[in-house]
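Undergrad: Here you go, sequence then predicted model.
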Amino acid sequence: MREIELVLLLLVLVTALTLVARRFTVPYPIVMVLGGLVLSTIPGLPEFELPPDLVFFVFLPPLLFAGGYFTSVRDLRRTCDRSFCSRSGW
């Protein structure tokens, strides 16, 4: 049961950090890294390790979806490498 509480706490923390990033118009990965650094320096917190399956199936899919959803196809076409574009049919 302790792991579930920890995962829920981390999800709430990620949501709060995302709102902070939007409020100050800072890219959210920077705020996430800074939040992780602050969280890791707090003394007295229990050490924990998330199973890789949990990271790959719970945390990674929403990040990939958000990255793909908000990617501009026009900018992607403009910045992609010519060799990549010719191989992928763009």
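TA: Nice, I can see it. Note that this is a predicted model, so its numbers are computed, not measured.

Undergrad: what's in contact with stretch 18-34?
TA: The set of residues that contact stretch 18-34 without belonging to it, under Cβ atoms under 8 Å, 6 or more residues apart in numbering, is 14, 17. For every residue, glycine as well, the C-beta is placed using N, CA and C.

Undergrad: Please renumber the chain so that the first residue is 126 from this point on.
TA: Yep, numbering from 126; the last one is stretch 143-159 now.

Undergrad: For the chain, give me the ranges with low pLDDT.
TA: By pLDDT under 70, the weakly predicted segments of the chain are 126, 206-215.

Undergrad: State the distance from Ile129 to Leu179.
TA: Distance of Ile129 to Leu179, given as Cβ to Cβ, to the nearest Å: 10 Å.

Undergrad: export stretch 165-175 as PDB, just CAs?
TA: Coordinates of each C-alpha in stretch 165-175 appear next as PDB, following Å, rounded to 0.1, in the frame of the first residue of the first chain:
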ATOM      1  CA  SER A 165      15.900  14.700  -3.500                       C
ATOM      2  CA  THR A 166      17.600  17.100  -1.100                       C
ATOM      3  CA  ILE A 167      14.900  17.100   1.600                       C
ATOM      4  CA  PRO A 168      16.300  15.200   4.600                       C
ATOM      5  CA  GLY A 169      14.300  12.500   6.300                       C
ATOM      6  CA  LEU A 170      12.300  11.400   3.200                       C
ATOM      7  CA  PRO A 171      12.400   7.700   2.700                       C
ATOM      8  CA  GLU A 172      14.500   6.400  -0.100                       C
ATOM      9  CA  PHE A 173      12.500   4.600  -2.800                       C
ATOM     10  CA  GLU A 174      13.000   3.000  -6.200                       C
ATOM     11  CA  LEU A 175      10.200   2.900  -8.700                       C
END
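
Undergrad: No further queries at this time; thank you.
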